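Student: Let's see this in three dimensions:
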Amino acid sequence: MLNATLLKHLRLNPRLKAATIIERDLYVDNVVSSFTNELDLLNYFWESRTLMSNAGMNQRSWTSNSDNLRHTASTVGVLDSDELIKILGLRWNPTSDMLSFPPRVISQLDKVTKRAVLKYTYRIYDPLGLLSPVTIRTKILLQDLWKKSYDWDVPLPEDIQHAWHTLSFDLNSAQTMTLPRLLLPTASSGLDRTSGQLHVFVDASMASYGAAAYICYSTDARLVMAKNRVAPLKKLTLPQLELMAALIGARLGSHLQKSLMVTDITYRSDNQIVLHWLKSSKPSKKFITNRVSEISNLTPGSSWRYCPTDSNPADLLTRGITADKFLSSSLWSTGPSWLCDTSTWPTWDSTQALMQTTSEEQTTL
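Tutor: Predicted coordinates:
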């Protein structure tokens, strides 16, 4: 009811800039917005409070990384006094402008059961997929438990219990990750927000597949978001799973392109067979044709390029890594070193891909 009443009021005031921003950035009863300069931010503060007041609502619990906004909100009596702000499942420190994860302790259990593994696996809420290289290992373990049909409350075999103890330690360590909130350049940087380059990397293993997206401005790149899935129980070939990864990447890129308002987007895969499928007009089997068609519809005008496996960050979220490697991985946090320099981008031999594709179609598809 609250959202319906508010949205109705917003649509009655289309000329107000604040109305457009609130309607775009409203999540249940929170509004999360970003501005390039403090003048726009302060104007939005006063205009949106007037707008909400006219609708009979008190817009409160304001905070920002701007000292001016926090001072203004404090003067009006609507400043959120918490040091760490809850924001879409994460924690944000407005003073340092850093994001972190809420502490979700994964206990070391004396008796490890399938129920316990499921319970503690999903205690970690990671909507942006930032912890994917570590959490994918728990998803793969869970799928293995389902395949072997273990009872819910019967202690698991010793080797699986040992694997879970190692995983639980890594899950606790991975949650200590912190990262800068800022993705888009500020007005003082002199960079245009629409000039950024979005790069989406995709990859698959026989156990899982997924994609990781990075945004690049000038010489700086940042991880934006990642998605992954365990491989389906129905057996697929590795190229088919790589194509599934490309589809996840296309969906992720399409979503982020609209959210970040970036027009330049490049997709990257280390599987040359998939790259050939995406460029070829040759008729293929239904599984391939349907997915290639959806990918093409989601990525019109975007290029698909080759990326070596050792510099593909999506490789980390499909095979999984330990927490120590995860926390120290620049490949995961900022992408490959060549990402923002177009002159050093890897090249692709389409002739070699054609030979691989022909062999693959003859033997497995």
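
Student: Do I have it right that residue 312 meets residue 204?
Tutor: No: using Cβ atoms under 8 Å, residue 312 makes no contact with residue 204, being 10.8 Å away. Bear in mind the C-beta positions are built from the backbone N, C-alpha and C, glycine included.

Student: mind checking which helix or strand residue 99 is in?
Tutor: strand 98-100 (DSSP states H and E).

Student: Show me what the mean pLDDT comes to for the helix or strand following that strand.
Tutor: The C-terminal neighbour of strand 98-100 among helices and strands, as given by DSSP H and E, is helix 114-121. Per-residue pLDDT values across helix 114-121 average out to 92.

Student: got the buried residues for helix 114-121?
Tutor: Buried residues in helix 114-121, counted by 16 or more other Cβ atoms under 10 Å: 114, 116, 117, 120, 121.

Student: If we ignore the residues flanking it in sequence, what's nearest the fourth one?
Tutor: So the one you mean is residue 120. In space, and not counting its chain neighbours, residue 120 is closest to residue 106: 4.9 Å by Cβ to Cβ, 6 or more residues apart in numbering.

Student: residues touching the one you found, list them.
Tutor: Taking Cβ atoms under 8 Å, 6 or more residues apart in numbering, we find residue 106 in contact with 120, 123, 124, 168, 171, 172.

Student: try 10 Å
Tutor: With contact taken as Cβ atoms under 10 Å, 6 or more residues apart in numbering, residue 106 is in contact with 119-121, 123-124, 138, 164, 167-175.

Student: nearest to residue 255, of those residues?
Tutor: Nearest to residue 255 out of the contacts of residue 106 is residue 124 (Cβ to Cβ; 21.9 Å).

Student: Touching, that closest one and residue 171? I think so.
Tutor: Yes: with contact defined as Cβ atoms under 10 Å, residue 124 reaches residue 171; the gap is 6.4 Å.

Student: Give me the common contacts of these two.
Tutor: 104, 106, 131, 134, 135, 138.

Student: Chain neighbours aside, what residue packs nearest to the third one?
Tutor: Nearest non-adjacent residue to residue 131, counting by Cβ to Cβ, 6+ apart: residue 174, 5.1 Å away.

Student: any idea how far the one you found is from residue 211?
Tutor: For residue 174, the distance to residue 211 equals 19 Å [Cβ to Cβ, to the nearest Å].

Student: swap in residue 203?
Tutor: Counting by Cβ to Cβ - residue 203 and residue 211 are separated by 8 Å.

Student: Next: residue 160.
Tutor: 29 Å.

Student: Those two: which is more packed in?
Tutor: Each of residue 160 and residue 211 has its neighbours counted (other Cβ atoms under 10 Å); residue 211 has more, 32 against 18.

Student: Can you tell me what sits against the strand holding residue 99?
Tutor: By Cβ under 10 Å, 6+ apart, strand 98-100 touches 65, 84-85, 87-88, 90-93, 128, 130, 175-182.

Student: Sort out for me which of those are in strands.
Tutor: 85, 87, 90, 91, 92, 93, 178, 179, 180 (DSSP state E).

Student: Contact partners for the third one?
Tutor: When contacts are counted by Cβ under 10 Å, 6+ apart, residue 90 touches 84, 99, 100, 101, 102, 125, 126, 127, 128, 130, 179, 181.

Student: which residue sits closest to the fifth one, ignoring its sequence neighbours?
Tutor: If the residues on either side of it in the chain are set aside, residue 102 comes closest to residue 91, at 5.5 Å by Cβ to Cβ, 6+ apart.

Student: Quick check, the one you found in contact with residue 178.
Tutor: Yes: using Cβ under 10 Å, residue 91 makes contact with residue 178 at a distance of 9.3 Å.

Student: any idea of the angle the helix or strand hosting residue 134 forms with helix 114-121?
Tutor: Residue 134 belongs to helix 132-147 when assigned by DSSP H and E. Angle between the axes of helix 132-147 and helix 114-121 is 160 degrees (criterion: axes from the mean of the first three to the mean of the last three Cα atoms, to 10 degrees).

Student: Show the average pLDDT along helix 132-147.
Tutor: Mean pLDDT, computed over helix 132-147, is 95.

Student: Just the C-alpha atoms of that helix, please, in PDB.
Tutor: Listed next in PDB are the C-alpha coordinates belonging to helix 132-147 (Å, rounded to 0.1, in the frame of the first residue of the first chain):
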ATOM      1  CA  SER A 132      31.200 -16.400  -5.900                       C
ATOM      2  CA  PRO A 133      34.700 -17.900  -6.200                       C
ATOM      3  CA  VAL A 134      34.400 -19.200  -2.700                       C
ATOM      4  CA  THR A 135      30.600 -19.900  -2.400                       C
ATOM      5  CA  ILE A 136      30.500 -21.900  -5.600                       C
ATOM      6  CA  ARG A 137      32.300 -24.700  -3.800                       C
ATOM      7  CA  THR A 138      29.500 -25.000  -1.300                       C
ATOM      8  CA  LYS A 139      26.900 -25.200  -4.200                       C
ATOM      9  CA  ILE A 140      28.900 -27.900  -5.900                       C
ATOM     10  CA  LEU A 141      29.100 -29.800  -2.600                       C
ATOM     11  CA  LEU A 142      25.400 -29.500  -2.000                       C
ATOM     12  CA  GLN A 143      24.600 -30.800  -5.500                       C
ATOM     13  CA  ASP A 144      26.900 -33.800  -4.800                       C
ATOM     14  CA  LEU A 145      25.000 -34.500  -1.600                       C
ATOM     15  CA  TRP A 146      21.700 -34.500  -3.500                       C
ATOM     16  CA  LYS A 147      23.200 -36.900  -6.200                       C
END
